[in-house]
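Enquirer: okay, sequence plus prediction incoming.
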Amino acid sequence: MFKKFFRDHPIHKKIVPLFDEFFFFNPMNYYFSWLMICVGVYLNLFLSQLNPQFLFSFNFGYLLLFLGLSMILSSFYIFNKIYDVNERDENFKHIETKYSFEKFELLIKILIFVGLLLLLFVSLVNTIIGVLLIICFGICKKYFKNKLIYYFIESCLLFFSGWFYTKEIITSRFFSLYDIIFLLPYFLFYLSLYMSKINLNNYSNENFKIKKFDWKVLCTIILVSISFYLGFINSDPLISIISITSIGFNFYSFFRFYKKDMVRSLIYPLALFNIFLMTIFPYLFIFHFILFYISKYYHWHRFELHYPTFLVDSE
């Protein structure tokens, strides 16, 4: 009865339009962006011999850090929706009937201003990182068509935002060249996720040809394999278990190359990365759980879509 009410009652059709503005911020992308912030915190603690696991202590500064960076990143997502037709989704069709483009541009400026203001309460270094993130987005949007260039720089900046704040309040550990050995496998795995995302987006292109043994998919396998090897020799349990449990999905995409395999090669490794991070940062589970089910509720009653979901069509 309870399930039937949430699934079939007509009142939900009146409620979900209230969430249009929230999903205009593209909060589902936080499943990507929050990863490297958490990795920055984790690696600083791990390399300081603190053996981070199930960290239940709460720090208000971390909350401001995530909020500030999320606002800045959401301004980028909104900018892409406004000026790139390929980035627009079903949500945008509802939003554009409510607001003018001038209000969209004003919203972008407000998000950037408030985001930087929140980061200023965290630390000066994090504020500078926020500014660099904005500059990076502008330059890459103007001069580089390859999105991986931006994703790489973004992942670096997000990582150091978590690292330097942890250094200030807990470890006092500066970043050294030696630490790159531990950082590199996370960057490689992070880039493999974005490569899978780009491959999946290309699949929807009518001119895209389906073929086995695609070199782009092979690149993701190589990246994940190197991630596992480096994590193993570094005795880093987090990246080792994430990469070894994820690589099988990339192999399916490489040898069979069905759409369902491409979907799995993205959503399952991304989910595994977030799940294993939750064993270190339990509060992350609360935000992910709420976001996941609000999104399912919204997409089902607004567009009749099962999204997000771990079920993959057998097509």
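Expert: Yep, that arrived.
Enquirer: and the end-to-end length of stretch 12-21?
Expert: Distance between the boundary residues of stretch 12-21 (Cα to Cα, to the nearest Å) amounts to 16 Å.
Enquirer: next one: it to chain centre, how far?
Expert: Averaging C-alpha positions (Cα atoms, centre = their mean, to the nearest Å) puts stretch 12-21 24 Å from its chain's average.
Enquirer: name the residues that touch that stretch?
Expert: 6, 91, 94-95, 98, 294, 297-298, 301-302 (Cβ atoms under 8 Å, 6 or more residues apart in numbering). For every residue, glycine as well, the C-beta is placed using N, CA and C.
Enquirer: which of those residues lies closest to residue 113?
Expert: Among the contacts of stretch 12-21, residue 95 lies closest to residue 113 (Cβ to Cβ), at 20.9 Å.
Enquirer: hmm, residue 24 and the closest one touching each other?
Expert: Yes. Between residue 95 and residue 24 there is a contact under Cβ atoms under 8 Å: 5.0 Å.
Enquirer: ok, back up a step: mind listing which of the contacts of stretch 12-21 are in strands?
Expert: Among the contacts of stretch 12-21, no member falls in strands (DSSP state E).
Enquirer: export those as CSV, with columns for pLDDT, neighbour count and distance to residue 142.
Expert: Converted to CSV, the contacts of stretch 12-21 look like this (pLDDT from 0 to 100; neighbours: other Cβ atoms under 10 Å; distance: Cβ to Cβ, whole Å):
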residue, pLDDT, neighbour count, distance to residue 142
6, 59, 13, 45
91, 85, 21, 26
94, 82, 17, 29
95, 89, 19, 25
98, 85, 11, 29
294, 90, 14, 34
297, 87, 16, 38
298, 88, 22, 33
301, 81, 22, 39
302, 85, 19, 34
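Enquirer: ok, so of the residues you listed, who is nearest residue 146?
Expert: Nearest member of the contacts of stretch 12-21 to residue 146, counting by Cβ to Cβ, is residue 91, at 26.4 Å.
Enquirer: who's in contact with that closest one?
Expert: Neighbouring residues of residue 91 by Cβ under 8 Å, 6+ apart: 20, 23-24, 302.
Enquirer: swap in residue 305?
Expert: With contact taken as Cβ under 8 Å, 6+ apart, residue 305 is in contact with 90, 299.
Enquirer: where does residue 62 land in three-state SS?
Expert: helix (DSSP: H, G, I helix; E, B strand; the rest coil).
Enquirer: what's around it, how many residues?
Expert: For residue 62, the neighbour count with other Cβ atoms under 10 Å is 20.
Enquirer: which residues touch it?
Expert: 41, 165.
Enquirer: what about residue 53, distance to residue 186?
Expert: 17 Å (Cβ to Cβ, to the nearest Å).
Enquirer: more crowded one of those two?
Expert: Between residue 53 and residue 186, residue 186 has the larger neighbour count (other Cβ under 10 Å), namely 27 against 14.
Enquirer: not counting residues beside it along the chain, what's closest to that one?
Expert: In space, residue 186 comes closest to residue 39 once its chain neighbours are excluded; the distance is 4.9 Å by Cβ to Cβ, 6 or more residues apart in numbering.
Enquirer: output the helix or strand hosting that neighbour as PDB, nothing but the C-alphas.
Expert: Element membership for residue 39 (DSSP states H and E) is helix 30-47. Only the C-alpha atoms of helix 30-47 are listed here, as PDB (Å, rounded to 0.1, in the frame of the first residue of the first chain):
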ATOM      1  CA  TYR A  30      28.000  15.600  -7.600                       C
ATOM      2  CA  TYR A  31      28.500  11.800  -7.700                       C
ATOM      3  CA  PHE A  32      31.500  12.600  -9.900                       C
ATOM      4  CA  SER A  33      32.800  15.800  -8.400                       C
ATOM      5  CA  TRP A  34      32.700  14.900  -4.800                       C
ATOM      6  CA  LEU A  35      34.900  11.900  -5.400                       C
ATOM      7  CA  MET A  36      38.100  13.800  -5.800                       C
ATOM      8  CA  ILE A  37      37.400  16.100  -2.900                       C
ATOM      9  CA  CYS A  38      37.000  13.000  -0.700                       C
ATOM     10  CA  VAL A  39      40.200  11.400  -2.200                       C
ATOM     11  CA  GLY A  40      42.100  14.600  -1.200                       C
ATOM     12  CA  VAL A  41      41.000  14.200   2.400                       C
ATOM     13  CA  TYR A  42      41.600  10.500   2.400                       C
ATOM     14  CA  LEU A  43      45.100  10.500   0.900                       C
ATOM     15  CA  ASN A  44      46.300  13.200   3.300                       C
ATOM     16  CA  LEU A  45      45.100  11.100   6.200                       C
ATOM     17  CA  PHE A  46      46.400   7.900   4.800                       C
ATOM     18  CA  LEU A  47      49.900   9.200   4.000                       C
END
